[in-house]
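Engineer: Test case, fold it:
(one chain, ligands or ions: 2)
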Amino acid sequence: MASAGDPLSRPPDDRVQVLDPEGTVVEPDLLPDLPDETLVSMYRDMRFCRRFDERAVNLQRRGRLGTYAPLAGQEGSQVGSTYALSESDLVSYQYREHGAVVVRGFPWEYLLYWAGHERGNEAIADVNVFPLNISVGSHVPHAVGLAWGAKYRGDDRASVVHFGDGATSEGDVHEAFNFAGVFDLPVLFFCNNNQWAISHPRARQTASRTIAEKAAAYGFDGVQVDGMDPLATYVVTAAAREKALDPDGDRPRPTLLEAVQYRYGAHTTADDPSAYRDEGEVERWRQRDPLVRFAAFLRDTGRLDDEREDAIREEVEETLAEAIDRVLDHEPDPDEMFEHAFAEPPAALLAQRDHLRALRARHGDDALLEDE
Ligand SMILES: Cc1ncc(C[n+]2csc(CCOP(=O)(O)OP(=O)(O)O)c2C)c(N)n1
Ligand SMILES: [Mg+2]
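Structural biologist: Ligands and ions are numbered 1, 2, ... in the order given. You can find the predicted model right below:
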């Protein structure tokens with residue numbers, strides 16, 4: 001077992017773990033000193049993520065949401081790491097880390113995004129989460145830019161960027177690593193290594209033994225963490241944030257965190273994983289489930305019982321049902337489709353918008369169904 005102390009000072013293949021899959025504390029020195037309420041609230045948010053995911057997949061199947069990227073299996077990484085941040089830290093995510101939005105209060109409009117409305121992205125901006133990014137890896141340089149801006153302005157905030165194992169094969173990501181290392185930027189590179197990039201396995205993504213060790217080439221620390229252990233992701237993120245902000249020194253440093261985990265479901269609702277992976281592999285990873293191990297820890301330490309668990313499930317169910325009702329009742333303004341692509345829309349687009357407005361003024365919203 002690794003020695004205690006700074007969890008970032010270990011060799012990159014010495015995976016940090018606080019709770020084993022049974023919920024037993026394996027490295028007591030690393031156990032974060034968090035109030036009981038915070039620990040239970042972390043568990044609540046992880047439950048919320050799991051249930052949100054189930055409901056979102058079902059809504060997509062019923063044609064109420066567009067293509068959706070499921071998170072099940074990855075709650076420990078997303079929730080644990082976001083708990084270690086302050087609310088002003090800037091989070092940039094790929095497209096699967098809904099857990100960061102949940103921890104930041106889950107504005108209900110977030111679901112609107114997945115139903116095709118840009119308003120969802122505006123809502124998460126209010127809680128310092130940047131819009132999701134589909135072009136793999138291309139948001140990582142932007143997150144470095146955010147860190148540079150924060151440092152330049154003397155803001156006490158870190159930039160945290162989530163990306164997948166697949167994203168590490170993109171040139172953008174390496175340019176971002178290099179720039180952050182050279183310019184001493186307060187950025188946390190958080191790699192959610194879920195073993196697959198759609199159908200492409202981790203072993204074919206890189207010949208490196210770990211993703212964490214790539215940090216050495218850029219001159220900063222890389223650490224591997226059990227991404228299905230919310231307390232481990234919490235402690236490494238807290239340590240990396242401390243290093244990024246460097247309160248006692250004058251040299252903020254980036255860190256690469258590789259959170260080893262698994263996605264149980266399909267890549268997106270448009271994917272069929274049975275075409276490329278074996279169900280036995282999924283079952284083996286389910287034995288390490290983040291919710292099961294965290295619940296076991298909370299129960300063993302007297303922080304969770306049946307009554308509290310029932311109350312959490314009920315509250316999660318109600319909060320989600322309310323958000324979903326609002327999304328299903330949402331009546332978008334057709335004008336919205338002309339917004340968001342241009343700061344200053346070109347004349348041709350404005351002419352189309354005005355044409356639609358005139359039609360609606362004359363015929364009401366039935367005009368939208370007319371073939372004119
Ligand atoms: C630049 C680019 N190349 C390819 C794609 C197609 N694509 C979408 S998601 C994905 C896999 C990304 O895998 P990973 O970074 O591991 O994230 P995960 O989906 O596993 O969370 C690919 C190749 C894309 N969206 N953008
Ligand atoms: Mg992946």
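
Engineer: Enumerate every residue touching the closest residue to ligand 1 within the chain.
Structural biologist: Residue nearest to ligand 1 within the chain: residue 164 (2.2 Å; C-beta to the nearest ligand atom). Where you see a C-beta, it was placed from the backbone N, CA and C, and this is true even at glycine. Neighbour list for residue 164: 94, 96, 136, 191-194, 197 [criterion: C-beta atoms under 8 Å, 6 or more residues apart in numbering].

Engineer: Mark which of those residues are buried, thanks.
Structural biologist: 94, 96, 136, 191-194, 197 (16 or more other C-beta atoms under 10 Å).

Engineer: Tabulate these in TSV, adding columns for secondary structure and pLDDT.
Structural biologist: Formatted as TSV, the buried ones among the contacts of residue 164 follow (DSSP: H, G, I helix; E, B strand; the rest coil; pLDDT from 0 to 100):
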residue	secondary structure	pLDDT
94	coil	97
96	coil	98
136	coil	98
191	strand	98
192	strand	98
193	strand	98
194	coil	98
197	strand	98
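
Engineer: show me which of the residues you listed neighbour ligand 2.
Structural biologist: 194, 197 (C-beta under 5 Å from the ion).

Engineer: of the buried ones among the contacts of residue 164, list those near ligand 1.
Structural biologist: The subset of the buried ones among the contacts of residue 164 within reach of ligand 1, by C-beta under 6 Å from any ligand atom, is 94, 96, 136, 192, 194, 197.

Engineer: The second one reaches residue 68, doesn't it?
Structural biologist: No: with the criterion set as C-beta atoms under 8 Å, residue 96 and residue 68 do not qualify as a contacting pair; they are 9.6 Å apart.

Engineer: shared neighbours of the two, which are they?
Structural biologist: Going by C-beta under 8 Å, 6+ apart, no residue sits against residue 96 while also sitting against residue 68.

Engineer: which one of the contacts of residue 164 sits closest to residue 125?
Structural biologist: Set against residue 125, the nearest of the contacts of residue 164 by C-beta to C-beta is residue 94 (16.7 Å).

Engineer: count of residues packed around residue 222?
Structural biologist: Using other C-beta atoms under 10 Å, residue 222 has 26 neighbouring residues.

Engineer: cool, and residue 318?
Structural biologist: 10.

Engineer: buried set for the host helix or strand of it?
Structural biologist: Assigned by DSSP states H and E, residue 318 falls within helix 306-329. Buried residues in helix 306-329, counted by 16+ other C-beta under 10 Å: 309, 312, 316, 319-320, 323-324, 327.

Engineer: Residue 245 touches residue 185, doesn't it?
Structural biologist: No: with contact defined as C-beta under 8 Å, residue 245 does not reach residue 185; the gap is 11.1 Å.

Engineer: For those two, indicate the residue with more neighbours.
Structural biologist: Applying other C-beta under 10 Å to residue 245 and residue 185 shows that residue 185 carries more neighbours, namely 26 against 20.

Engineer: And the nearest residue to the more buried one once chain neighbours are set aside, its phi and psi?
Structural biologist: Of all residues not flanking residue 185 in the chain, residue 147 sits nearest, at 4.1 Å (C-beta to C-beta, 6 or more residues apart in numbering). Main-chain torsions, residue 147, degrees, to the nearest 10: phi -70, psi -40.

Engineer: how close does residue 147 get to residue 218?
Structural biologist: In this view, residue 147 and residue 218 are 14 Å apart by C-beta to C-beta, to the nearest Å.

Engineer: With residue 321 instead?
Structural biologist: 46 Å.
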